[in-house]
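S.K.: Whatever this is, show me its structure:
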Amino acid sequence: MAGPQHHRIAVIGAGFSGLGAAIRLKQRGYDDFVVLDRGTEVGGTWRDNTYPGCACDVPSHLYSYSFDLNPEWSRSFSPQPEIWDYLRRRVAVYGLDRHLRLATEVHTAAWDGGRWMVETSTGTYSADILISATGALCEPAQPKLPGLETFTGEVFHSAQWNHDLDLTGRRVAVVGTGASAIQFVPAIAPDVERLHVFQRTAPWVMPKTDRPISRLERRVFRAVPGTQRLARAGIYWLREFWQGTAFLQPVMMRLGQRMARAHLRKQVPDPELRAKLTPRYRMGCKRVLLSNDYYPALTRSNVEVVTDAVTEVRPDAVVAADGTVREVDTIIFGTGFHVTDNPIAQKIRGRDGRTLAEVWQGSPKAYLGTTVAGFPNLFLLLGPGTGTGHTSVVFMMECQLAYVLDALRHLDRTGAAAIEPTPAAQRGFISTVDKKMVGTVWQTGCKSWYQDATGRVAAIWPGYTWSYRLRTRRFDPADYEVVANA
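M.R.: Below is the predicted model:
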């Protein structure tokens, strides 16, 4: 029987991070690597999320690789099909086809004392280096509602949209009012007979400064790439300024709250509905949402906002906490993703045989959000504490990629077989991050998906992204120890 396929590097995930890793590896002369992905196409979250109205809530010019800008964005906030197309085209541009192993789901990845053994749905792979690039928004989170299994209608999550189902004339319950729901609710509201939007917590919603990008602008971006880089830089630094003045300065955040309330008053004239949609917590502790059509959709005569939670599902209805029964034939969950409890953590086992999930015990921690003590030659892209509430995570991911490549150069230069961060370096980094988080809106404002099972803010970087770039600009061997092979 043939043994496992061995490669120098194995990458898990073919979304923005995984493809970015593949491109950078090739550009640095690494050719012996594979990219494993459970999907039949590349794209990650932009392949999976195809719900009506799906678009990015980060400006288009920030949402591409810095080394490969896209001058063809049609709008200032890119729609999902364009982002997915951009990622698929990178495969051909950089010749990644032969490195891809699609329709290959990773079941386990274990360090066996000298290399990573990766068990997948299509066979076993071994690798000296393992890069996990599954991202934070890859596993839909769906509440376990009593009686849901008895429902005779259609049920699906927004990240698993049922395009075969015509919603025209249907009675729909939408559970959740996060970043996905505020995009698909306006898209389906005109078609359904009745729409019940179950809102646990009212989101802060700001106007979306979206506009078409003209043909002339695109022509200029193609002809003079520096103009797009200048536009990108301007947007980046403006958002960094917003991070410093708003998220880190509560006085300025109150100005943002006044702007959001004015937006709500302008679009929702009914005082009773407006009261339901008024947040009762400080802006910023949950992701601030952008929309020009969400509030108007909720004012439609066929739409109802329900502030009581769903407590029971019957074969043809949902029951709210106040006992009200609403007959529906479709339930759509817009309830987000497993972020701080990402299932990939249950599949990766380190030196002592424990999984990341067992080591973390509900609170994910990684040195620089990238490496973990006890897990040799493992690199996490968009790992714990690398999320942002104000700008593009593509920037954070590229910071990590530069760091990973520097680490690989160190391994090549020294001949070391395996490295991992020292426990002291990891503890020191986590302590510094946690101290910076004290008193921030993410920690004190409300309960959100930024927080893990212990209440610790584990998903967000507590500061400017340029400060993260400084922390990851070079690999420091002093923070690492060489791991001897078994």
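S.K.: rest of the way, CA atoms for contacts and neighbours
M.R.: OK.
S.K.: hang on, isn't Leu290 packed against Asp210?
M.R.: No: in this structure, Leu290 is not within contact of Asp210 by CA atoms under 8 Å, at 9.5 Å.
S.K.: In this model Ala187 seems to touch Asp293, though I could be wrong.
M.R.: No: the pair Asp293 / Ala187 is not scored as a contact, 9.0 Å apart, by CA under 8 Å.
S.K.: Tell me which residues touch Arg326, please.
M.R.: For Arg326, the contact set (CA atoms under 8 Å, 6 or more residues apart in numbering) comprises 317-319.
S.K.: Tell me what it is bridged to.
M.R.: Here Arg326 sits in beta bridges with Val318, going by DSSP bridges.
S.K.: Checking the residue nearest to Thr45 when sequence neighbours are not counted next. Helix, strand or coil?
M.R.: Excluding the flanking residues, the one nearest Thr45 by CA to CA, 6 or more residues apart in numbering is Cys138, at 6.0 Å. Here Cys138 is coil, with the state taken from DSSP: H, G, I helix; E, B strand; the rest coil.
S.K.: And stretch 440-447, how far out from the chain middle?
M.R.: Its chain's C-alpha centre and that of stretch 440-447 lie 19 Å apart, by CA atoms, centre = their mean, to the nearest Å.
S.K.: show me the biggest helix of the protein in terms of residues.
M.R.: Ranked by residue count, the top helix of the chain under DSSP state H comes out as helix 393-414.
S.K.: ok, then the element right after it?
M.R.: Next helix or strand after helix 393-414 toward the C-terminus (DSSP states H and E): strand 419-421.
S.K.: average pLDDT for that next one?
M.R.: Across strand 419-421, pLDDT averages out at 97.
S.K.: contacts for it?
M.R.: Outside strand 419-421, the residues that touch it by CA under 8 Å, 6+ apart are 367, 371-378, 479-483.
S.K.: if we can go back for a sec, may I ask which of the contacts of Arg326 has the most neighbours?
M.R.: Neighbour counts for these (other CA atoms under 10 Å) peak at Val318, which has 25 neighbours.
S.K.: now Pro143, what's its secondary structure?
M.R.: Secondary structure, three-state DSSP: Pro143 is coil.
S.K.: burial count for it?
M.R.: Counted with other CA under 10 Å, residues neighbouring Pro143 total 11.
S.K.: Now do the contacts for it.
M.R.: So Pro143 contacts Thr335 (CA under 8 Å, 6+ apart).
S.K.: Next, it: phi, psi?
M.R.: phi -70, psi 150 (degrees, to the nearest 10).
S.K.: For it, give its distance to Asp293.
M.R.: Distance of Pro143 to Asp293, given as CA to CA, to the nearest Å: 27 Å.
S.K.: coming back round to it: would JSON lines of the contacts of Arg326 with pLDDT be doable?
M.R.: JSON lines is the format used below for the contacts of Arg326 (pLDDT from 0 to 100):
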{"residue": "Ala317", "pLDDT": "98"}
{"residue": "Val318", "pLDDT": "98"}
{"residue": "Val319", "pLDDT": "98"}
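S.K.: Quick check: of these, which lies closest to Arg473?
M.R.: Using CA to CA, Val318 comes nearest to Arg473 of these, at 52.0 Å.
S.K.: List the contacts of the closest one.
M.R.: 173, 310-312, 325-328.
S.K.: How about Thr465?
M.R.: Going by CA under 8 Å, 6+ apart, Thr465 touches 240, 395-396.
S.K.: if I look at it, how far off is Ala21?
M.R.: Computed as CA to CA, the Thr465 to Ala21 distance reads 19 Å.
S.K.: How about the longest strand seen in the chain, which residues are buried there?
M.R.: When every strand of the chain is counted residue by residue (DSSP state E), the longest turns out to be strand 123-132. Within strand 123-132, the residues that count as buried by 16 or more other CA atoms under 10 Å are 124-132.
S.K.: avg pLDDT for that strand?
M.R.: Rounded mean pLDDT across strand 123-132 is 98.
S.K.: Give me the packing partners of that strand, helices and strands only.
M.R.: Packing partners of strand 123-132 (3 or more CA pairs under 8 Å, 6 or more residues apart in numbering; DSSP states H and E): strand 5-12, strand 116-120, strand 378-380.
S.K.: residues in contact with Phe285?
M.R.: One correction, residue 285 is Cys, not Phe. Counting by CA under 8 Å, 6+ apart, Cys285 makes contact with 441-448.
S.K.: Out of those, name the ones that lie in helices.
M.R.: Reading helices off these with DSSP H, I get 441-444.
S.K.: Next, format those as a markdown table and append distance to Leu405, pLDDT and neighbour count.
M.R.: Shown next, in a markdown table, are the ones in helices among the contacts of Cys285 (distance: CA to CA, whole Å; pLDDT from 0 to 100; neighbours: other CA atoms under 10 Å):
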| residue | distance to Leu405 | pLDDT | neighbour count |
| --- | --- | --- | --- |
| Val441 | 34 | 82 | 20 |
| Trp442 | 31 | 84 | 27 |
| Gln443 | 33 | 83 | 18 |
| Thr444 | 36 | 81 | 14 |
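S.K.: Look at stretch 115-128 and report the distance between its end residues.
M.R.: Counting by CA to CA, you get 5 Å between the two ends of stretch 115-128.
S.K.: what comes into contact with it?
M.R.: Residues contacting stretch 115-128 (CA under 8 Å, 6+ apart): 3-10, 104-111, 114, 129-130, 377, 417-418.
S.K.: give me every residue that touches Asn302.
M.R.: Counting by CA under 8 Å, 6+ apart, Asn302 touches 189, 192-195.
S.K.: make it 10 Å
M.R.: 171, 189-196 (CA atoms under 10 Å, 6 or more residues apart in numbering).
S.K.: roughly how far apart are the closest residue to Tyr86 other than its chain neighbours and Phe221?
M.R.: Nearest residue to Tyr86, sequence neighbours excluded (CA to CA, 6+ apart): Asn70, at 7.6 Å. The gap separating Asn70 from Phe221 is 9 Å, by CA to CA.
S.K.: shared neighbours of the two, anything?
M.R.: Gln228.
S.K.: Counting by contacts, list what the lowest-mean-pLDDT helix or strand in the chain packs against.
M.R.: Within the chain, confidence by mean pLDDT, DSSP states H and E is lowest for helix 441-444 among all helices and strands, at a mean of 82. For helix 441-444, the helices and strands in contact under the criterion 3 or more CA pairs under 10 Å, 6 or more residues apart in numbering; DSSP states H and E are helix 423-437.
S.K.: how about the helix it packs on: buried residues?
M.R.: Neighbour-count burial for helix 423-437, counted by 16+ other CA under 10 Å, picks out 423, 425-427, 429-430, 433-434, 437.
S.K.: Domain parsing of the protein, as residue ranges.
M.R.: When the chain is parsed with automatic domain parsing, its domains come out as 5-139+338-482, 148-209+233-333.
S.K.: For the longest one, what is the distance to the chain centroid?
M.R.: What it means is domain 5-139+338-482. On CA atoms, centre = their mean, the centre of domain 5-139+338-482 falls 11 Å from that of its chain.
S.K.: The last one too?
M.R.: For domain 148-209+233-333, the gap between its own C-alpha mean and the chain's C-alpha mean amounts to 19 Å (CA atoms, centre = their mean).
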